[in-house]
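Q: Sharing a model that was predicted from the sequence below.
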Amino acid sequence: MAVADGDVLRLVAKMSNGGDDIQNVFHVQVAGTGFGTNDDVLDAVSEQIDYAYTQFDQYLSDNLNFDSIEGYNVTQEEYLGEQTWPTLVQGGSADEEIPPQCAPLCLFLTEVAKSQGRKFLPPLIKTHIDSDGTISGTALAAIYLFCTSILAGVDEGTWTAVFGNYRPLGEIFIEWVSAVARDFFATQRRRYQGKGS
């Protein structure tokens with residue numbers, strides 16, 4: 001079936017770093033009419049995700065590969081497909097990267113208590129880590145551009161999509177309305193060297 005007004009979609013942004021998997025899962029809710037085919041919708045949302053990551057690509061090692069973006073219509077329980085990233089192929093720097101378990105963290109806030117989104121980003125290059133171990137001001141500014149791009153959502157004229165949290169119990173979608181990114185790293189404990197698929 002075609003995507004319809006109010007549907008919630010899940011997009012899995014797939015990357016790999018030295019053979020290890022890095023995935024960021026996003027949920028969007030669409031509104032409007034004239035969505036076109038499932039491919040059209042997947043293309044439009046993928047382009048916005050790609051644009052967001054482009055904002056800080058120069059601070060990512062070229063060891064990082066942007067592999068694919070996979071889409072599902074959660075509301076209709078339908079697979080949308082999988083495609084390569086629209087423009088990104090690999091990180092934009094040849095500099096050495098920090099350990100993979102140390103990740104910039106973006107918090108996406110909502111207007112609902114105890115509901116926030118978290119996105120652990122790929123490891124940055126060492127040249128943008130300040131002497132006190134924090135993220136450099138320029139890299140942090142680029143990460144904020146990532147957050148802003150996600151919060152902007154998708155506007156295709158006849159339909160829009162907003163990013164947010166999805167609660168399967170009750171099938172509740174909660175829109176992200178603001179974001180916070182700090183200059184210190186979060187520890188993404190699930191990232192271990194050599195443990196990707």
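A: Looks like it came in fine.
Q: use CA for all of it now, contacts and neighbours both
A: OK.
Q: Next, name the residue at the spatial heart of the chain.
A: Central residue of the chain (Cα atoms, centre = their mean): Asn24, 5.1 Å from the mean position.
Q: helix, strand or coil for that residue?
A: Classification of Asn24 using DSSP: H, G, I helix; E, B strand; the rest coil returns strand.
Q: Name the helix or strand for the residue lying closest to it once chain neighbours are set aside, please.
A: Nearest residue to Asn24 in three dimensions, chain neighbours excluded: Ala13, at 5.1 Å (Cα to Cα, 6 or more residues apart in numbering). In this assignment (DSSP states H and E), Ala13 forms part of strand 8-17.
Q: Just the C-alphas of that strand, formatted as PDB.
A: Provided in PDB are the C-alpha atoms of strand 8-17 (Å, rounded to 0.1, in the frame of the first residue of the first chain):
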ATOM      1  CA  VAL A   8       4.800   6.500  11.000                       C
ATOM      2  CA  LEU A   9       7.900   5.400   9.200                       C
ATOM      3  CA  ARG A  10      11.100   3.900  10.600                       C
ATOM      4  CA  LEU A  11      14.400   4.800   8.800                       C
ATOM      5  CA  VAL A  12      17.600   2.900   9.600                       C
ATOM      6  CA  ALA A  13      20.700   4.900   8.700                       C
ATOM      7  CA  LYS A  14      23.400   2.200   8.300                       C
ATOM      8  CA  MET A  15      27.100   2.900   8.500                       C
ATOM      9  CA  SER A  16      30.200   0.800   9.100                       C
ATOM     10  CA  ASN A  17      33.600   1.600  10.500                       C
END
